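>>> No letters, just coordinates:
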């Protein structure tokens with residue numbers, strides 16, 4: 001049964017991103033480098049969900065209840081069990097916050113006020129979970145399927161989130177739209193496509209000096225190697241691979257992080273469907 005929305009607002013105010021990060025991982029200060037580097041997790045099997053405050057936990061539970069309820073009518077996730085959703089989706093989504101925090105490079109904006117776009121958001125993973133955990137961030141969920149956008153708008157209203165909006169469209173079209181092109185601090189993508197395709201979807205949306213973060217599985221080395229050309233063509237470079245702390249039983253997770261060094265050539269992204277059919 002879905003939790004009542006009114007119950008949410010009798011709880012304490014959300015904690016800040018800084019406090020969340022402080023409890024989530026013992027972060028180390030990492031300076032950006034063009035050398036491809038890796039970082040190992042500092043905490044093994046730590047539950048990221050447990051670091052959230054009561055309001056945030058209620059919002060996550062409301063999201064999960066709504067996801068599974070709507071999933072009976074439309075295909076939002078192959079996962080049907082509450083505990084599996086928590087392990088496989090919620091924990092994995094929260095796990096990419098520390099790599100973003102330790103990798104973010106900016107001389108003009110605070111980490112507390114990031115603008116992120118979740119490309120191919122689907123059911124809102126990881127974008128909606130990031131919006132819950134980091135209330136000072138501004139999230140844009142980019143999704144091409146109308147039925148999924150309807151779900152996203154519904155659950156955003158149900159949770160009372162004000163820091164997230166939904167855009168219906170394909171990444172290839174939105175990336176050529178000057179309203180969105182090279183304006184985001186960070187672009188994230190999870191379970192959308194392989195890296196060389198994701199680079200063309202995501203990097204045109206990222207401002208110079210911003211980050212592209214791809215959530216991947218336990219051994220992405222070959223996929224990353226194949227993507228180096230595409231990343232370079234988009235005006236970016238590989239920064240590092242972070243082995244994130246996932247509470248999930250599905251094995252080690254990684255976050256591939258790219259730094260946007262320069263402007264993306266105007267011809268990218270190419271026409272809708274072309275990046276997937278003919279990866280760079």
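Cool, the structure landed. Since we're looking at a predicted model, the values are computed, not measured.
>>> following the host helix or strand of residue 62, which helix or strand shows up next?
Secondary structure assignment for residue 62, by DSSP states H and E: helix 54-70. Using DSSP H and E, the helix or strand that follows helix 54-70 towards the C-terminus is helix 82-85.
>>> tell me which strands and helices the helix or strand that that next one is followed by is in contact with?
Per DSSP H and E, the first helix or strand lying C-terminal to helix 82-85 is helix 91-95. Applying 3 or more CB pairs under 8 Å, 6 or more residues apart in numbering; DSSP states H and E, we find helix 91-95 packed against helix 127-133, strand 253-260. Backbone N, C-alpha and C define where each C-beta goes, glycine included.
>>> ok, and for whichever helix or strand comes after the last one, which residues are buried?
Spelled out, that is strand 253-260. Where DSSP H and E defines the elements, the next helix or strand beyond strand 253-260 is helix 274-277. For helix 274-277, a neighbour-count test (16 or more other CB atoms under 10 Å) marks residue 275 as buried.
>>> which residues touch helix 274-277?
If you take CB atoms under 8 Å, 6 or more residues apart in numbering as the criterion, helix 274-277 is touched by 172, 193, 197, 200-201, 269.
>>> Specify which residues of the chain, grouped into ranges, have pLDDT under the cut-off.
Along the chain, the model assigns pLDDT under 70 to residues 1-46, 105-110, 245-251.
>>> Next, work out how far apart the residue minimising distance to the centre of it and residue 236 are.
For the chain, residue 188 is the residue whose C-alpha lies nearest the centre (CA atoms, centre = their mean; 3.9 Å). Separation of residue 188 from residue 236 (CB to CB, to the nearest Å): 14 Å.
>>> now whatever helix or strand the residue nearest to the centre of the chain lives in, how far from the centre of its chain.
Counting by DSSP H and E, the element that carries residue 188 is strand 184-190. Centre-to-centre, strand 184-190 and its host chain are 6 Å apart (CA atoms, centre = their mean, to the nearest Å).
>>> what's the angle between that strand and strand 253-260?
Orientation check (axes from the mean of the first three to the mean of the last three CA atoms, to 10 degrees): strand 184-190 against strand 253-260 gives 150 degrees.
>>> tell me the contacts of the closest residue to residue 103 other than its chain neighbours?
Nearest residue to residue 103, sequence neighbours excluded (CB to CB, 6 or more residues apart in numbering): residue 257, at 4.9 Å. Applying CB under 8 Å, 6+ apart to residue 257 gives the contacts 99-100, 103, 211-213, 238-242.
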